[in-house]
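Q: the amino acid sequence is not available; the structure is as follows:
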C-alpha cells in the first residue's frame, strides 16, 4: 500500500511517549518526530507521569503548537513507565503502534521505512536497526540486521530470546495494533518490563 492510498483522516501510526523528568532530552526527541518524512497522518501521544523538572512545559508547548498531531495526557499521580505506556495504548488510534522514549531520536526516514516494510510483508512486527549514542560516540546496536529478514510462526518468539536479530528493547519497533494492541505492559515491575511485554507480543505475532 502506498502512502497516497491511505485514508487521509485516520492516523496510520500512533507514537506513545512516556515522560518523566527528562527536560534535558525531550525537545530533541520530539523534534525528531516532527521531522519525519512520512506523508500519512500520524499521532504522538505524550503521557506526563507527574514530572517535576519542567518536562511538562515542553509537552504542553508541543500539544498547543501541534495539536493536530501531538496529544497530551497529564497523570494525576506518578505510576511508573509501564502505566504511562498503557495509558497511551488505551488512547492510540493508529493502524500501527510505536514507542519512543524522550531520550530516543528518530531518523527522518524511520517511520516511513517501518510502515512500508509492515505493509509490504503484512507484518505484525517490524524491527529497525538502532544506533547507540552518547556525548562521546555512536555505535550500532549488537542486534543489527544487515538485510531485510522475514521470520514467521513460532520462530518469531525464538528469535526474540536468541537476542541475535532482535532484543526486547522498547525502541525501534512497529506493531500492528489490531493484532497486538490489546497487550499491556506489566505494571509495578521495576526492571525489564519491556522484555516481559515483548515476550507476550512476540508470542502472539504471526511474523516479524
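A: Structure received. Predicted model, so just to flag it, every value in this text is computed and none were measured.
Q: how close does residue 93 sit to residue 126?
A: 19 Å (C-beta to C-beta, to the nearest Å). In this view, the C-beta of every residue, glycine as well, is placed from N, C-alpha and C.
Q: more neighbours: those two, which one.
A: Per other C-beta atoms under 10 Å, whichever of residue 93 and residue 126 has more neighbours is residue 126, with 24 against 13.
Q: ok but the more buried one is inside a strand, no?
A: Yes: under DSSP: H, G, I helix; E, B strand; the rest coil, residue 126 falls within a strand.
Q: strands along this structure, start to end?
A: Along the chain, counting by DSSP state E, strands occupy 13-19, 42-48, 70-74, 96-99, 125-127, 131-133, 138-140, 173-176.
Q: for the most centrally placed residue in the chain, name its beta-bridge partners.
A: Central residue of the chain (C-alpha atoms, centre = their mean): residue 99, 1.8 Å from the mean position. As for beta bridges, residue 99 partners with residue 16 under DSSP bridges.
Q: low-confidence bits of the chain, can you list those?
A: Scanning the chain for pLDDT under 70 picks out 1-8.
Q: now the residue sitting furthest away from the middle of it: how far from residue 9?
A: Here the centre of the chain is the reference, and by C-alpha atoms, centre = their mean the most remote residue is residue 136, at 25.4 Å. With distances taken as C-beta to C-beta, residue 136 is found 45 Å from residue 9.
Q: cool, and residue 105?
A: Distance from residue 105 to residue 9, by C-beta to C-beta: 29 Å.
Q: list the contacts of residue 65.
A: Applying C-beta atoms under 8 Å, 6 or more residues apart in numbering to residue 65 gives no contacts.
Q: with residue 178 as the reference, measure out to it.
A: 31 Å.
Q: need the contact list for residue 145.
A: 127, 129, 165-166.
Q: pipe those into JSON lines and attach distance to residue 203 and neighbour count per row.
A: Below are the contacts of residue 145 laid out as JSON lines (distance: C-beta to C-beta, whole Å; neighbours: other C-beta atoms under 10 Å):
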{"residue": "127", "distance to residue 203": "16", "neighbour count": "23"}
{"residue": "129", "distance to residue 203": "23", "neighbour count": "12"}
{"residue": "165", "distance to residue 203": "17", "neighbour count": "14"}
{"residue": "166", "distance to residue 203": "14", "neighbour count": "22"}
